[in-house]
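>>> Next come a sequence and a model predicted from it.
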Amino acid sequence: MPGAVARLTYPRGVTLRAFGIRAPRLGYAVVPAVAVVCLVALAPAAPALVATAPSIPPVGASAVLSPVTVEGTTAPPASPAAVTAAVAPVLNAGSWEAVSAVVLDPSDGSLLYESSSIARTPASTLKIPTALTALSVLGPDTRLRTRVVLNGSTVVIIGAGDATLGRAKGFIDGTPTASLNQLAELTVKALDKQGISSVHVAFDDSLFTGPTLSPEWSSALVSSGAIAPITALSADQGRESATSDTSVSDPAASAARYFAAQVRDAGIDVARGVQRVTAPADAPEIAHVMSPTIAEITDYTLTESDNDVAEALAHLAGGKLVGEASFAGGARAMKQVLEAYGIPTEGMKISDGSGLSRSDRMQAITLARTLQVIVNGHAPEGLDVPTSVGWAVSVGLPVAGFTGTLANRFDTNGTRAGRGVVRAKTGTLTGISALAGQSRDRDGRLLVFAALASGIPDTDAARSDLDEFAATVAACGCRS
């Protein structure tokens, strides 16, 4: 299948295709159980969120990687009775104590199967509504602008919430990420041009507010490298290096110290130490670097299930929509966006954007209706959102057996029917497993599904059972 493999997933700590950003921490955390919209203005003259020319959804790619739409479908609809007969035995025999699962037809919205309406922990499948929220609020073509301003004899690096910013330049599928090396180089050129040879370095990470770690997270998540403190300025996602799993305690200060060292190494006399400040709004900008687009960032986040980037996106959405770029603000923004799309939020309790919190709760129908909105390209009520944001979520969903967190799954006799056909987001915590996505059935009808399972004694067995559920949807010719 030429062109089918767009990304390769490597072991933790290895960079991906010269991404320059560290390999994802696989978006899950199996740790010991004990163990028109308002913009937040940092600087009115140079906003951190910068809209660019509209991008165009990818075309001409292999069918396995192309987002699937329902517009104009002529494939025969599935029967609820037949779908139930196919998937219920698989779910009833699954390796879990309880499961909430849904299959629906996004073309007409009909509910084909629902095992339970109980809200359960979504784990990383929560990144689907996080991505839709970020794209809807920030815009798919927006880029994040990390800036340096000059305040007297002090250069101030201002964080824009770009969690893909690295010490060195990297790439997301060929798109360059911003780097502190480049920012330092541009800063030195600007200082030389003004004849400035001696400076202090400070940093402004005030875009994000509230705690840097969710109070709902176990300390083991940080110590295991599943997540780092969430700050508006960071390098290599708050890790000691691009290939490290070890988080730094203060990512913003660490990034500023690295930046200062690069400026010093280029011949500028830089005073020792960096200081956290709030930059004056009228301080002139002397350098900046730009992130990939929000669409490209969400694509990467979903495919590789990157927790740090998901949290930054949620914070940014909260800041722009509800004026609070925090865990709480991101959760409020998500609820507001889902409701604007007409997606049910009964029983929903959200405390983060990555799904790492064990206290997160969501009904399977909420995920399924979110996927319905995504594949239909619906626009929300009351938000100035283009109808085309859904394609960016579909593109990012891992492809069964080929990309991201599904690259090494769907390889058994019971799951191969979904290989290359199912596109879905995974979710795993200790005792929790989830899968939500889309697939064409045997007749070519596009269906969406979601399954949230809990009380899992064997993670690998539960994943295989969820894969079989999705493969059964793909293999189903469920017309009678």
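Looks like it arrived, so ask away.
>>> Show me where this protein has its helices.
80-92, 127-138, 180-193, 219-223, 251-265, 294-304, 307-322, 327-340, 364-376, 390-396, 459-475 (DSSP state H).
>>> Out of the ones you listed, which one sits most buried?
Burial of the helices of the chain is given as mean neighbour count (mean count of other Cβ atoms under 10 Å); helix 127-138 ranks first at a mean of 30. Backbone N, C-alpha and C define where each C-beta goes, glycine included.
>>> what pLDDT, on average, does it get?
Helix 127-138 shows an average pLDDT of 97 in the prediction.
>>> Run the angle between it and helix 327-340 for me.
90 degrees (axes from the mean of the first three to the mean of the last three Cα atoms, to 10 degrees).
>>> Can you give me the distance of A462 to P280?
Distance from A462 to P280, counting by Cβ to Cβ, to the nearest Å: 53 Å.
>>> now D265
For D265 relative to P280 (Cβ to Cβ), the value is 27 Å.
>>> CSV for the helices of the chain, including distance to R120?
CSV is the format used below for the helices of the chain (distance: least, Cβ to Cβ, whole Å):
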stretch, distance to R120
helix 80-92, 13
helix 127-138, 15
helix 180-193, 40
helix 219-223, 19
helix 251-265, 32
helix 294-304, 20
helix 307-322, 19
helix 327-340, 17
helix 364-376, 8
helix 390-396, 21
helix 459-475, 13
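>>> Nearest approach to G355 belongs to which of these?
Proximity to G355, assessed across the helices of the chain by Cβ to Cβ, is greatest for helix 127-138 (6.2 Å).
>>> Who are the packing partners of that closest one?
helix 294-304, helix 307-322, helix 327-340, helix 364-376, helix 390-396 (3 or more Cβ pairs under 8 Å, 6 or more residues apart in numbering; DSSP states H and E).
>>> Tell me how far it lies from the chain's centre.
A distance of 8 Å separates the centroid of the chain from that of helix 127-138, by Cα atoms, centre = their mean, to the nearest Å.
>>> again, but for stretch 92-112
24 Å.
>>> so how far is A424 from K193?
From K193 to A424 the distance is 51 Å (Cβ to Cβ).
>>> now swap in L233 and tell me
From L233 to A424 the distance is 33 Å (Cβ to Cβ).
>>> same deal with G382?
Taken as Cβ to Cβ, the span from G382 to A424 is 30 Å.
>>> What of T246?
In terms of Cβ to Cβ, T246 sits 31 Å off from A424.
>>> same check, this time on S179
For S179, the distance to A424 equals 32 Å [Cβ to Cβ].
>>> Compare those two (neighbour count), which wins?
A424 (31 against 23; other Cβ atoms under 10 Å).
>>> Give me the distance between the more buried one and R369.
From A424 to R369 the distance is 16 Å (Cβ to Cβ).
>>> Also A310?
A310 is 20 Å from R369, by Cβ to Cβ.
>>> F208 against P229, yeah?
No. F208 is beyond contact range of P229, at 10.0 Å (criterion: Cβ atoms under 8 Å).
>>> Of these two, which one has the most company?
F208 (27 against 19).
>>> who are the neighbours in contact with the more buried one?
159, 161, 230-232, 315, 319, 325-326 (Cβ atoms under 8 Å, 6 or more residues apart in numbering).
>>> And for G414, the neighbour number?
Neighbours of G414 using other Cβ under 10 Å come to 16.
>>> Skipping adjacent residues, who's closest to it in space?
Among residues not flanking G414 along the chain, E468 sits closest, at 4.5 Å (Cβ to Cβ, 6 or more residues apart in numbering).
>>> give the contact list for that neighbour.
90, 412, 414-415.
>>> again, but for A78
105, 112, 441, 443, 445, 447, 476, 478-479.
>>> what's the nearest residue to it if we skip its chain neighbours?
C478 (4.2 Å).
>>> Over to K169?
S179 (4.1 Å).
>>> before we move on, the earlier item: for the helices of the chain, which one sits closest to A287?
Here helix 180-193 is closest among those (Cβ to Cβ), at 3.8 Å.
>>> So which elements touch the closest one?
Against helix 180-193 (3+ Cβ pairs under 8 Å, 6+ apart) you get strand 142-151, strand 154-158, helix 251-265, strand 285-293.
>>> Partner strands of the second one, with direction?
As defined by DSSP bridges, the strand partners of strand 154-158 come to strand 142-151 (antiparallel), strand 198-204 (parallel).
>>> between that strand and helix 180-193, what angle do the directions make?
150 degrees.
>>> and strand 154-158, how far from the chain's centre?
Counting by Cα atoms, centre = their mean, strand 154-158 comes out at 28 Å from the chain centroid.
>>> And the chain, what are its domain boundaries?
49-55+140-293, 80-136+298-475 (automatic domain parsing).
>>> tell me how far the ends of the shortest one are from each other?
Across its full length, domain 49-55+140-293 reaches 10 Å between end residues, using Cα to Cα, to the nearest Å.
>>> got it, and stretch 133-143?
In stretch 133-143, first residue to last residue: 16 Å (Cα to Cα).
>>> Please enumerate residues in contact with it?
Applying Cβ under 8 Å, 6+ apart, the external contacts of stretch 133-143 come out as 37, 49-55, 290-295, 298, 313-314, 316-317, 320-321, 330, 333-334, 337-338, 340-341, 380, 383, 385-386, 388-389, 392-393.
>>> circling back: can you redo the contacts of A78 as a markdown table with pLDDT?
Converted to a markdown table, these look like this (pLDDT from 0 to 100):
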| residue | pLDDT |
| --- | --- |
| D105 | 95 |
| L112 | 97 |
| D441 | 93 |
| D443 | 90 |
| R445 | 92 |
| L447 | 96 |
| C476 | 92 |
| C478 | 87 |
| R479 | 82 |
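>>> which one among these gets closest to L144?
Using Cβ to Cβ, the contacts of A78 come closest to L144 at L447, 35.2 Å.
>>> For D269, which non-adjacent residue is spatially closest?
S198 (4.0 Å).
>>> What residues does that neighbour make contact with?
Applying Cβ under 8 Å, 6+ apart, the residues near S198 are 153, 268-271.
>>> Same question for V90.
Taking Cβ under 8 Å, 6+ apart as the test, what V90 contacts is 465, 468-469, 472.
>>> Reformat the residues you listed as JSON lines; add pLDDT and distance to S79.
Putting the contacts of V90 into JSON lines (pLDDT from 0 to 100; distance: Cβ to Cβ, whole Å) gives the following:
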{"residue": "D465", "pLDDT": "98", "distance to S79": "24"}
{"residue": "E468", "pLDDT": "98", "distance to S79": "21"}
{"residue": "F469", "pLDDT": "98", "distance to S79": "18"}
{"residue": "T472", "pLDDT": "97", "distance to S79": "15"}
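>>> Could you work out the most separated pair of the residues you listed?
Checking these with Cβ to Cβ, the most distant pair is D465 and T472, at 10.5 Å.
>>> Neighbours of the residue nearest to G210 when sequence neighbours are not counted, how many?
Among residues not flanking G210 along the chain, S326 sits closest, at 3.4 Å (Cβ to Cβ, 6+ apart). The criterion is other Cβ under 10 Å. On that basis, S326 has 20 neighbouring residues.
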